[in-house]
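> 3D model of this:
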Amino acid sequence: SSFLLIGVLYDRYHTRTLIYYRGLATILPIFSTIYLIFMLANSAVPGTSGFISEFLTFLGTFYSNPFIALFASLAILLTPLATLWHFHKITYGTFSTY
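Below you'll find the model as predicted:
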């Protein structure tokens, strides 16, 4: 789903440079809302299919090897940070005229 939305942006602007996608919430508010929902699903927020699969994988890893489960919990913390940073860079800020 994220790749589909990035493809929509590429078809509209014909560039892959992230700096040109600033301020999309002002001109594409519905797109930005849908993009936020997909980004939260990618971050495995409870209530999404990503949460169920990540929780079960993490639970099975914890029973099998707690050390690796603690190492994997780092990814659970870093994925939402990177995802929301990416969302913030694309949707907010001043609109790019390029």
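
> neighbours around the closest residue to residue 73 other than its chain neighbours, how many?
Once flanking residues are discounted, residue 73 sits nearest to residue 58: 7.3 Å by C-beta to C-beta, 6 or more residues apart in numbering. C-beta here means a position set from N, CA and C on the backbone, and glycine is covered the same way. Neighbourhood size, residue 58 [other C-beta atoms under 10 Å]: 15.

> residue contacts, residue 52?
By C-beta atoms under 8 Å, 6 or more residues apart in numbering, residue 52 lies in contact with nothing.

> List the buried residues in the lengthiest helix in the chain.
Counting by DSSP state H, the longest helix found in the chain is helix 66-91. For helix 66-91, burial by neighbour count (16 or more other C-beta atoms under 10 Å) applies to 69, 83, 87, 90-91.

> element containing the residue nearest to residue 73?
Using DSSP states H and E, residue 58 falls within helix 49-64.

> What mean pLDDT does that helix get?
Mean per-residue pLDDT for helix 49-64: 87.

> Please spell out which residues along it are buried.
For helix 49-64, the neighbour count (16+ other C-beta under 10 Å) marks 50, 54, 61 as buried.
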